[in-house]
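# 3D, please:
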Amino acid sequence: MRESVNRKGGITWRPQDGFWTVELWENQYCANADPVVPLTLREKVEKVGVFVDYEEGLVSFYDVESRSHIYSFT
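Residues are numbered from 1 along each chain as shown. Now for the predicted structure:
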């Protein structure tokens, strides 16, 4: 895990570079893993909950409104 982000050059949103992210790009949700994982969600997500389990090594994303799991990085 890095303490800070290298701000010179482009940023790659991958776990290898210290970023565990999901995104909506051009009406497609995806998890920025390596490789990128397309996500199929039933409805538009308004609020995202992020849970970190240090012991298990998990970063999980949830749709707060529907209380449904979006994606987990291991």
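# my guess is residue 41 meets residue 62, correct?
No. Here residue 41 does not reach residue 62: they are 11.4 Å apart, not a contact under Cβ atoms under 8 Å. Any C-beta I mention is one placed from the backbone N, CA and C, and that applies to glycine too.
# need the overlap of contacts for those two.
Counting by Cβ atoms under 8 Å, 6 or more residues apart in numbering, the contacts common to residue 41 and residue 62 are residue 70.
# which of these two has more neighbours?
Of the pair residue 41 and residue 62, residue 62 is the one with more neighbours under other Cβ atoms under 10 Å, namely 18 against 15.
# that one pairs with what?
Residue 62 has these beta-bridge partners by DSSP bridges: residue 49, residue 69.
# quick check: it vs residue 68, distance?
Residue 62 is 7 Å from residue 68, where distance means Cβ to Cβ, to the nearest Å.
# what sits up against the lowest-mean-pLDDT helix or strand in the chain?
Taking mean pLDDT, DSSP states H and E as the measure, the helix or strand of the chain with the lowest value is strand 22-25, at a mean of 95. Strand 22-25 is contacted by residues 13, 29, 30, 31, 32, 39, 45, 48, 61, 70, 71 when judged by Cβ under 8 Å, 6+ apart.
# looking at those residues, which are in strands?
29, 30, 31, 39, 48, 61, 70, 71 (DSSP state E).
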